[in-house]
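A.B. asks: Let me see the structure of the following:
(chains A and B)
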Amino acid sequence: GENVEQHPSTLSVQEGDSAVIKCTYSDSASNYFPWYKQELGKRPQLIIDIRSNVGEKKDQRIAVTLNKTAKHFSLHITETQPEDSAVYFCAAGGVYGNNRLAFGKGNQVVVIP
Amino acid sequence: NAGVMQNPRHLVRRRGQEARLRCSPMKGHSHVYWYRQLPEEGLKFMVYLQKENIIDESGMPKERFSAEFPKEGPSILRIQQVVRGDSAAYFCASSLLGAGGEETQYFGPGTRLLVL
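C.D. replies: The predicted model follows:
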């Protein structure tokens, strides 16, 4: 089945700097790539997603890029703020029409004021 | 516009007991997914259901675990004869559509199961 890996596991950034999280996936048939943010003890919340027919998507301070040839996708957060501190999960899905998601292990992002 | 609801939020069971976790999808959503999250781990897919049908149960252990999504009422994840290794957070998600994939999944608050 699909295997998703995230790097680095923990990322500390100064407030105002950018944070980048990279994920790789194994199944070339995956065509849907969402990113979720999870605060401690809370539910995962979708922050952005990208589908295989586009290479980049942006929503205010958040952007995602997708390289299908290399099978990797990245989350970019610009002008980081303390409230961006959380665990971020990437996922891959949509294989052969199946909606189940395979998640990475998550990245702890710490924004230092 | 209520989001995905799960109950109970916390559940404590002794080894050998049964655990029943409930999930009410977002209004209008007919596709439900269950995921399990161990401490400091990602979410692992368990089962994908549509009303009255199991679409994909490839991530669910064959023994002791079962899931249903009846025509009326919430989806239920049932764990029989719980063991300590079942302790985890169980998240439910729902989507409006499922066919063809790529449908956004919205997550509930989770049920934290602790087996003593």
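A.B. asks: Can you classify the most centrally placed residue in chain B as helix, strand or coil?
C.D. replies: The centre of chain B sits closest to residue B:34, judged by C-alpha atoms, centre = their mean, with a distance of 3.3 Å. Following DSSP: H, G, I helix; E, B strand; the rest coil, residue B:34 is assigned to strand.
A.B. asks: excluding its backbone neighbours, what's nearest it?
C.D. replies: Once flanking residues are discounted, residue B:34 sits nearest to residue B:46: 4.4 Å by C-beta to C-beta, 6 or more residues apart in numbering or on different chains. For the C-beta atoms, the positions are set from N, CA and C on the backbone; glycine is no exception.
A.B. asks: in what helix or strand does the one you found lie?
C.D. replies: For residue B:46, the host element (DSSP states H and E) is strand B:43-50.
A.B. asks: Next secondary structure element downstream of that strand?
C.D. replies: Following strand B:43-50 in sequence order, the next helix or strand is strand B:53-56 (DSSP H and E).
A.B. asks: residues in contact with that following strand?
C.D. replies: When contacts are defined by C-beta atoms under 8 Å, 6 or more residues apart in numbering or on different chains, strand B:53-56 is touched by residues A:98, A:100, B:31, B:47-49, B:67-69, B:98.
A.B. asks: Among these, name the ones in strands.
C.D. replies: B:31, B:47-49, B:67-68 (DSSP state E).
A.B. asks: strands paired with the strand or helix carrying residue A:58, and their directions?
C.D. replies: Assigned by DSSP H and E, residue A:58 belongs to strand A:56-59. As defined by DSSP bridges, the strand partners of strand A:56-59 come to strand A:62-67 (antiparallel).
A.B. asks: in the partner strand, what's buried?
C.D. replies: Within strand A:62-67, the residues scored as buried using 16 or more other C-beta atoms under 10 Å in any protein chain shown are A:62-66.
A.B. asks: out of these, who's nearest residue A:26?
C.D. replies: Distances from residue A:26 to those, taken as C-beta to C-beta, are shortest for residue A:66 (15.0 Å).
A.B. asks: Enumerate the residues of chain B near chain A.
C.D. replies: Residues of chain B lying close to chain A (C-beta under 8 Å from any C-beta of the partner chain) are B:4, B:31, B:33, B:35, B:40-45, B:48, B:55-56, B:58-59, B:91, B:95, B:98-110.
A.B. asks: that older thread, give the buried residues for the strand holding residue B:46.
C.D. replies: Neighbour-count burial for strand B:43-50 [16+ other C-beta under 10 Å]: B:43, B:45-49.
A.B. asks: Strands of chain A, start to end?
C.D. replies: Counting by DSSP E, the strands of chain A are A:4-7, A:10-14, A:19-25, A:32-38, A:45-51, A:56-59, A:62-67, A:72-77, A:86-93, A:101-103, A:107-112.
A.B. asks: Export those to TSV and append columns for mean pLDDT and distance to residue B:85.
C.D. replies: Below are the strands of chain A laid out as TSV (pLDDT from 0 to 100; distance: least, C-beta to C-beta, whole Å):
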stretch	mean pLDDT	distance to residue B:85
strand A:4-7	88	23
strand A:10-14	94	26
strand A:19-25	95	28
strand A:32-38	95	22
strand A:45-51	94	28
strand A:56-59	94	39
strand A:62-67	96	35
strand A:72-77	96	32
strand A:86-93	95	22
strand A:101-103	94	20
strand A:107-112	95	24
